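> Predicted model follows, preceded by the sequence.
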Amino acid sequence: MIRFGLPSKGRLKKQVENFFSERGLELVNAGMIREYLAEFKGEKKVQIILLAASDIPLEIKKGNLDIGITGRDLIFEKILDWRKCILELKQLDFGEADLVIGVPQFWIDVNHLDDLDEVAFFFRKKYSRCLRIATKYQNITREFLIDNQVTNFEIIESQGATEGAIVNGIADVIVDISSTGETLKQNKLKTIEDGTLLKSFASIFVSKNYYKKNKGDVELKRLLDQLVLDI
């Protein structure tokens, strides 16, 4: 049985369903709806497990899933050195979004990372505190800022409505996923020119251990051939 993890809700779930439909694979419920199990109609060798997209990376790493579809941003954030244990089989043409730094629009002189570093230094000198950055992408953000020599910052964990963290006084800056930039504008935020941390999209990921042991399996090969088929 091939254990295949898919997003259980949201826009990504709909996009995944359309992706399968284009390849002649129809998802149907298996058991009670609350069990979050599904299957491909007429396909008994694949067990579909519906999870939050953010849980899929760790479940692949732990060996509870063999294959999964989720965003690259979540793989990068949830698993350090993910390429050691996970293979990115195919990049898909949906789920596109950028992970960006958002700063208040009235910071008219802050347009680059160097400017942000200067603001952080100013906060440290004048207010005796670090620049507060709200994000749910703590690992990616910390690594990106350190690599770009931005200092004097503090990461504030945010699990929802990150774009409102500044107006609510929780943070000074945010790092969040943005598809069109409209949500940032609505919250009077702007991006900076060199402030894109990651360009993300949905991908098919496979456990390296599982793939190494089963790459000769006829059923797995048939499924993977069908999934990577270009329409």
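Received, thanks.
> Quick one: residues contacting the residue lying closest to residue 167 once chain neighbours are set aside.
Spatially, and ignoring its direct neighbours in sequence, residue 167 is nearest to residue 187 (6.5 Å; CB to CB, 6 or more residues apart in numbering). Backbone N, C-alpha and C define where each C-beta goes, glycine included. With CB atoms under 8 Å, 6 or more residues apart in numbering as the criterion, the residues that contact residue 187 are 102, 163, 164, 166, 167.
> Residue 176 is in contact with the second one, correct?
If I follow you right, that is residue 163. Yes: with contacts defined as CB atoms under 8 Å, residue 163 counts as touching residue 176 at a distance of 6.1 Å.
> okay, and the common contacts of those two?
With CB under 8 Å, 6+ apart as the test, residue 163 and residue 176 both reach residue 102.
> Neighbour count for the two, which is higher?
Between residue 163 and residue 176, counting by other CB atoms under 10 Å, residue 176 is the more crowded of the two (23 against 19).
> before we move on, back to that, now the phi/psi pair for the residue nearest to residue 167, please.
Geometry field for residue 187 lists phi and psi as phi -100, psi 20, criterion degrees, to the nearest 10.
> Next secondary structure element downstream of the host helix or strand of residue 5?
Residue 5 is located in strand 2-7, with elements delineated by DSSP states H and E. If you walk from strand 2-7 toward the C-terminus, the next helix or strand you reach (DSSP H and E) is helix 10-22.
> Please enumerate residues in contact with the longest helix anywhere in the chain?
Counting residues, the longest helix in the chain under DSSP state H turns out to be helix 113-127. Residues outside helix 113-127 that contact it (CB under 8 Å, 6+ apart) are 101, 103, 107, 109-110, 129-131, 148-153, 172-173, 192, 194-195.
> Okay, now the unreliable bits of the chain?
Of all residues in the chain, those with pLDDT under 70 make up the ranges 30-35, 230-231.
> and the longest strand for it?
With DSSP state E setting the assignment, residue counts place strand 189-200 as the longest strand in the chain.
> for that strand, which positions count as buried?
Going by neighbour count (16 or more other CB atoms under 10 Å), the buried part of strand 189-200 is 189, 190, 191, 192, 195, 197, 198, 200.
> so what strands line up beside the next helix or strand after it?
For strand 189-200, the succeeding helix or strand toward the C-terminus, using DSSP H and E, is strand 202-207. For strand 202-207, the paired strands and their directions (DSSP bridges) read strand 67-71 (antiparallel), strand 86-91 (antiparallel).
> Which strand or helix spans residue 106?
Using DSSP H and E, residue 106 sits within no helix or strand.
> Skip the chain neighbours and tell me the closest residue to it.
Computed as CB to CB, 6+ apart, the closest residue to residue 106 that is not its neighbour in sequence is residue 188, at 7.7 Å.
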